[in-house]
Each structure stands twice: as structure tokens, then as C-alpha cells.
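Trainee: Quick one: sequence plus predicted model below, questions after.
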Amino acid sequence: MREPDGESTFFASAAAFRDWLAPNAGRHAELLVGLHNVDSGRPSMSGSESVDEALCVGWTAPGSGRPATAAAGPNPASTGARAVARWAIDNDPFRTMPSFQLVGLSPEPFEPLFRLSTEELAGLGARRVTASSKPGFPCRISLSDAEPGEELLLLAHEHQPAHSPYRASGPIYVRIGARQRTLNAGEIPTYVSMRQISLRAYDESDMIVAAEVCDGVAVAAEIERQFGNPLVRYIHLHNAKRGCFSCLVRRA
């Protein structure tokens with residue numbers, strides 16, 4: 001059952017959104033979908049669920065560029081173009097600007113490693129590799145996939161150094177000569193949007209308070225939803241399939 005709220009339309013579940021789309025998808029060119037904050041206590045589908053349902057009827061999601069997974073054909077309301085679903089978080093007029101920013105790793109800790117020999121790297125459990133395809137070698141400094149032929153290091157990195165039960169490390173690629181990338185507020189690079197992503201939301205004590213897995217095209221909506229919880233201080237993104245750390249997300 002949906003709840004109209006000004007410009008936004010809220011759905012209590014993915015099934016409710018699906019039920020609305022069935023008779024209405026062909027009659028609308030756009031819909032602003034509301035997502036309730038995680039701490040609101042109100043039922044709501046997740047950002048990833050909303051994207052999945054929209055794509056399945058031939059609609060597009062902002063920035064996805066993806067065809068529907070089960071397309072229902074062109075939308076008559078948009079003269080042959082696919083209809084578009086847009087997202088809002090609780091229809092809050094004070095949250096019109098994106099609330100988050102993705103940040104790559106600093107290159108400084110890794111620069112000396114590029115000068116080591118193959119044997120010295122092996123002693124540290126690291127390897128020098130050459131990118132053989134794109135995508136496939138995502139650099140955590142530049143937040144982009146290396147071009148074929150570029151040199152990288154594959155090594156273990158402590159992405160969560162906090163003194164908490166969630167302290168953790170894992171394998172990452174870093175590219176030689178890469179510059180640290182800090183994206184504009186709300187910007188999601190292809191490096192993220194093309195992959196299935198796991199989000200881990202941490203509080204002031206570096207404890208995980210929420211987690212979600214979604215397609216990369218739904219990451220922006222899911223980050224906004226998680227940051228709607230005032231307990232969330234920062235978020236780590238991981239590539240869901242292999243579990244590798246992707247990048248830090250901080251409040252903008």
C-alpha cells in the first residue's frame with residue numbers, strides 16, 4: 001500500500017511498488033519514489049529493491065544506463081522512451097543536496113612498495129601485476145579501473161584499523177602513479193555503479209549498525225537511506241562478490 005507525501009510516493013514494500021507498477025507503468029513517464037529513513041520506524045522498501053522493480057517493467061534508474069532485466073516494452077507515456085524512477089529520502093526539503101562523498105585511499109603508504117623487488121614484495125605477501133583487461137583491476141586510490149598494461153600492486157590492506165571487533169583487512173589493487181580521488185558530493189563513479197556492492201555502516205564506536213547489498217546503480221539511494229540514521233558516522237563500500245574493500249563514504 002502506498003502513501004502519497006507531497007511530491008513523493010512511498011511504498012511499504014517492494015511488493016507494493018510492484019503492484020502499483022503493474023497497472024500504472026505504461027501511463028507515467030516519471031515517478032518520484034520516497035524511501036523512509038532506516039530509523040523512522042515506518043515500513044519501506046530498500047533502494048536496491050526499488051531499482052530492481054523499476055527495471056523489471058522497462059523503466060530506468062538514474063545514472064544506471066541499464067536495460068530492464070525483464071523489459072515490458074516502450075512506455076507509451078514517454079513516446080517510446082523508457083520511463084524514469086527518481087528517488088527521495090522522506091521527501092525532506094532540507095536534504096535536496098547529496099549528503100555523502102566517496103573518498104579513495106591516500107597513495108603515500110603504497111609509494112615505497114612500488115620500488116621493491118618481486119622477492120621483497122613476496123616477503124610482504126604482495127604481488128606486482130599488470131592489468132590484462134578493463135574492468136577487472138579496480139584501483140582503490142583513483143577509484144577507477146586500471147587500463148590494460150598498467151602496473152598495480154595486489155596486497156593486503158587494513159581498511160578498518162579501528163580498535164573494535166570489526167577491525168579488518170583484505171586484498172586490494174593500487175595503481176602506480178595514481179592520485180587520490182575525492183568525488184563530488186553525491187557522485188558515484190562507474191568503478192562502483194558497474195558492480196554489486198555491499199554497504200557497511202559504522203557508528204562513532206566503529207561498530208556496524210547496518211548493512212545492505214545492492215546493485216551499484218542503487219548505491220546512491222542506499223547511502224542516503226543509511227545516512228538518514230543519525231547513528232551512522234561513515235560507510236565502507238565493498239565489492240560484494242569477492243568481499244574486497246572498495247572505498248570510504250563520508251558525510252558531505
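Mentor: Thanks, I have the structure now.

Trainee: Name all residues that make contact with Glu120.
Mentor: Neighbour list for Glu120: empty [criterion: C-beta atoms under 8 Å, 6 or more residues apart in numbering]. C-beta coordinates here come from the backbone N, C-alpha and C atoms, glycine included.

Trainee: could you say which helix or strand contains it?
Mentor: helix 118-123 (DSSP states H and E).

Trainee: what about the strands in the stretch 101-250 of the chain?
Mentor: 127-130, 138-139, 144-145, 151-160, 168-175, 196-202, 208-215, 234-239, 245-251 (DSSP state E, counting those that start in this stretch).

Trainee: would you turn those into JSON lines with mean pLDDT, mean neighbour count and distance to Ser106?
Mentor: Listed next are the strands of the stretch 101-250 of the chain as JSON lines, based on pLDDT from 0 to 100; neighbours: other C-beta atoms under 10 Å; distance: least, C-beta to C-beta, whole Å:
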{"stretch": "strand 127-130", "mean pLDDT": "97", "mean neighbour count": "14", "distance to Ser106": "20"}
{"stretch": "strand 138-139", "mean pLDDT": "98", "mean neighbour count": "25", "distance to Ser106": "13"}
{"stretch": "strand 144-145", "mean pLDDT": "97", "mean neighbour count": "20", "distance to Ser106": "16"}
{"stretch": "strand 151-160", "mean pLDDT": "97", "mean neighbour count": "17", "distance to Ser106": "11"}
{"stretch": "strand 168-175", "mean pLDDT": "97", "mean neighbour count": "19", "distance to Ser106": "10"}
{"stretch": "strand 196-202", "mean pLDDT": "97", "mean neighbour count": "21", "distance to Ser106": "19"}
{"stretch": "strand 208-215", "mean pLDDT": "95", "mean neighbour count": "17", "distance to Ser106": "24"}
{"stretch": "strand 234-239", "mean pLDDT": "98", "mean neighbour count": "21", "distance to Ser106": "16"}
{"stretch": "strand 245-251", "mean pLDDT": "97", "mean neighbour count": "20", "distance to Ser106": "11"}
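
Trainee: closest one to Ala15 among the ones you listed?
Mentor: Nearest to Ala15 among the strands of the stretch 101-250 of the chain is strand 208-215; the distance by C-beta to C-beta comes to 17.6 Å.

Trainee: Please name the strands paired to the closest one in the sheet, noting orientation.
Mentor: According to DSSP bridges, strand 208-215 has the following sheet partners: strand 196-202 (antiparallel).

Trainee: ok, residues contacting the partner strand?
Mentor: Residues contacting strand 196-202 (C-beta under 8 Å, 6+ apart): 162, 166, 208-216, 219, 222-223, 226, 229, 232-241, 243, 246, 249.

Trainee: quick one, it and strand 234-239 angle?
Mentor: Put simply, strand 196-202 runs at 160 degrees to strand 234-239, going by axes from the mean of the first three to the mean of the last three C-alpha atoms, to 10 degrees.

Trainee: Can you get me the centre-to-centre distance for strand 196-202 and its chain?
Mentor: 8 Å (C-alpha atoms, centre = their mean, to the nearest Å).

Trainee: what is the orientation angle of that strand with strand 151-160?
Mentor: Counting by the same axes, to 10 degrees, strand 196-202 lies at 40 degrees to strand 151-160.

Trainee: Strand 196-202 versus strand 168-175: what angle between them?
Mentor: In terms of direction (the same axes, to 10 degrees), strand 196-202 departs from strand 168-175 by 130 degrees.
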